[in-house]
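Asker: pasted the sequence and its predicted model underneath.
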Amino acid sequence: MTTDARLTNDGSHDRAHPALPARDLAATAAFYGRLGFDVVHHDDTWLRMRRGSIELEFFPHPTLDPSTSDHQCVLRVADVDALHAAFAQAGVAQSTTGIPRLTPVATQSWGQRAAYLVDLDGSQLALVEER
């Protein structure tokens, strides 16, 4: 039996972070910085950002075509309206088309309220309210 807390099964140190593509890590850092994310790590090969308990990681993909990107992740949050308002206030276009964009908050077919943020590289982040 190990005493290393990182290897316990209680989940207190276990976590998963989505890794999304970025054509330009500096531009991605600036975009997410406007959304309230802070840089945790940034070098030529990797970018890690945090906003509260939400962490996202990015890898370089300079040939990515945002219009054909199928990268996505889900952010489960307590208050989707507050997060949506913060992203809208940061200047993300509120629309159902275009890149980047922020869709309106709506009750989805599965019963939860959600909105979608599509970042400047075409990655879709589902903003799902957990209640």
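Answerer: Everything's here; your move.
Asker: helices of the chain, start to end?
Answerer: In the chain, helices defined by DSSP state H lie at 25-34, 80-89, listed in chain order.
Asker: and the contacts of the first one?
Answerer: The one in question is helix 25-34. Helix 25-34 has contacts (Cβ atoms under 8 Å, 6 or more residues apart in numbering) with 22, 39, 42, 44, 46-47, 49, 51, 56, 58, 60, 90-91, 100, 119-121. Just so you know, the C-beta spots here come from the backbone N, C-alpha and C atoms, and that holds for glycine as well.
Asker: buried ones among those residues?
Answerer: Listed as buried from the contacts of helix 25-34 are A22, L47, M49, R51, L56, F58, P60, P100, D119, L120, D121; burial here means 16 or more other Cβ atoms under 10 Å.
Asker: can you name the two of those that sit furthest apart?
Answerer: R51 and P60 (21.3 Å; Cβ to Cβ).
Asker: can you count the residues close to P21?
Answerer: By the criterion of other Cβ atoms under 10 Å, P21 has 19 neighbours.
Asker: quick check, pLDDT for the nearest residue to it once chain neighbours are set aside.
Answerer: In space, and not counting its chain neighbours, P21 is closest to H61: 3.6 Å by Cβ to Cβ, 6 or more residues apart in numbering. For H61, the pLDDT comes out at 98.
Asker: for H61, give its distance to A19.
Answerer: Taking Cβ to Cβ, to the nearest Å as the measure, H61 falls 10 Å from A19.
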